[in-house]
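Enquirer: coords below, sequence missing:
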Ligand SMILES: [Mg+2]
């Protein structure tokens, strides 16, 4: 655990908000496997070259992202695949789009593995009475499926998706909705995520959260104006920090006033 702001960690938080993708599990590998499976399936099904698929898909993604920027649907694989089929001249073949989307997420989930220590941290937090929420971009359907797949569906007090909130992070809407659901407005709240802008800057500027960045291969470190209050590689470091703060507060309570 690298602590940049020691004043932020004098006591346990009231609640912790967690990003999901690339915070609770590494995203890049699962995504790469899923894209490879889709590329193979599309090129076999439609007799087009993988390069032609790549071109059409990246153009489709660009168009959807531009049109829906800042909303959950801007990340929709289903919309990317629908538009990809239109771009290659097949029109909206919805059955194919659904089938390719299923291939993407089935492959993605079977290659996504939680980071070590995530469940243990969540158990610790429950025992300490610290509330927890997932605050994640993307549509509810797939984010709920991920929670179930990882066995985390009973581990958080609440979940907020950007589909539900109406905007992606770093818009204040998802952060505000999480605080409302946890009844944690004005309380000491930590935000944990990988993204320097969406999670670190967003958490601090929108709701005044203490921010912790999850670092691993491929994550851009939040620095200078965006620097988090702390950064960690391993969830065991987070457990250690919580244990230290819990012991501190226990010994404070034991001192007669
Ligand atoms: Mg993330």
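Expert: Nice, I can see it. The shown structure was predicted, so the numbers you read here are calculated from the model rather than taken from an experiment.
Enquirer: how about the strands of the protein, start to end?
Expert: 2-3, 15-18, 131-136, 158-161, 189-193, 210-214, 230-232 (DSSP state E).
Enquirer: The ion: which of those is closest?
Expert: strand 189-193 (5.5 Å; C-beta to the ion). Bear in mind the C-beta positions are built from the backbone N, C-alpha and C, glycine included.
Enquirer: how about the strands of the chain in JSON lines, adding mean neighbour count?
Expert: Supplementary listing: those in JSON lines, determined by neighbours: other C-beta atoms under 10 Å:
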{"stretch": "strand 2-3", "mean neighbour count": "14"}
{"stretch": "strand 15-18", "mean neighbour count": "27"}
{"stretch": "strand 131-136", "mean neighbour count": "25"}
{"stretch": "strand 158-161", "mean neighbour count": "21"}
{"stretch": "strand 189-193", "mean neighbour count": "27"}
{"stretch": "strand 210-214", "mean neighbour count": "26"}
{"stretch": "strand 230-232", "mean neighbour count": "21"}
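Enquirer: Ok, which of those comes nearest residue 93?
Expert: strand 158-161 (27.6 Å; C-beta to C-beta).
Enquirer: and the closest one with the ion, contact?
Expert: No: using C-beta under 5 Å from the ion, strand 158-161 stays clear of the ion, with a minimum separation of 12.8 Å.
Enquirer: tell me which strands and helices that strand is in contact with?
Expert: On a contact count with 3 or more C-beta pairs under 8 Å, 6 or more residues apart in numbering; DSSP states H and E, strand 158-161 meets strand 131-136, helix 140-149, helix 172-182.
Enquirer: Got the domain ranges for this protein?
Expert: 2-25+116-254, 28-110 (automatic domain parsing).
Enquirer: what's the span of the longest one from first residue to last?
Expert: What it means is domain 2-25+116-254. 29 Å (C-alpha to C-alpha, to the nearest Å).
Enquirer: That one: how far from the chain's middle?
Expert: Centroid separation between domain 2-25+116-254 and its chain, computed with C-alpha atoms, centre = their mean, to the nearest Å, is 10 Å.
Enquirer: surely residue 197 meets residue 226?
Expert: Yes: at 7.0 Å, residue 197 counts as touching residue 226 under the criterion of C-beta atoms under 8 Å.
Enquirer: Please say which of these two ends up with more neighbours.
Expert: residue 226 (16 against 12; other C-beta atoms under 10 Å).
Enquirer: how much space is there between the more buried one and the ion?
Expert: According to C-beta to the ion, to the nearest Å, residue 226 and the ion sit 15 Å apart.
Enquirer: Hmm, residue 199 and that residue touching each other?
Expert: No: the pair residue 226 / residue 199 is not scored as a contact, 10.2 Å apart, by C-beta under 8 Å.
Enquirer: in the protein, what spans have low per-residue confidence?
Expert: For the chain, applying pLDDT under 70 flags the ranges 255-257.
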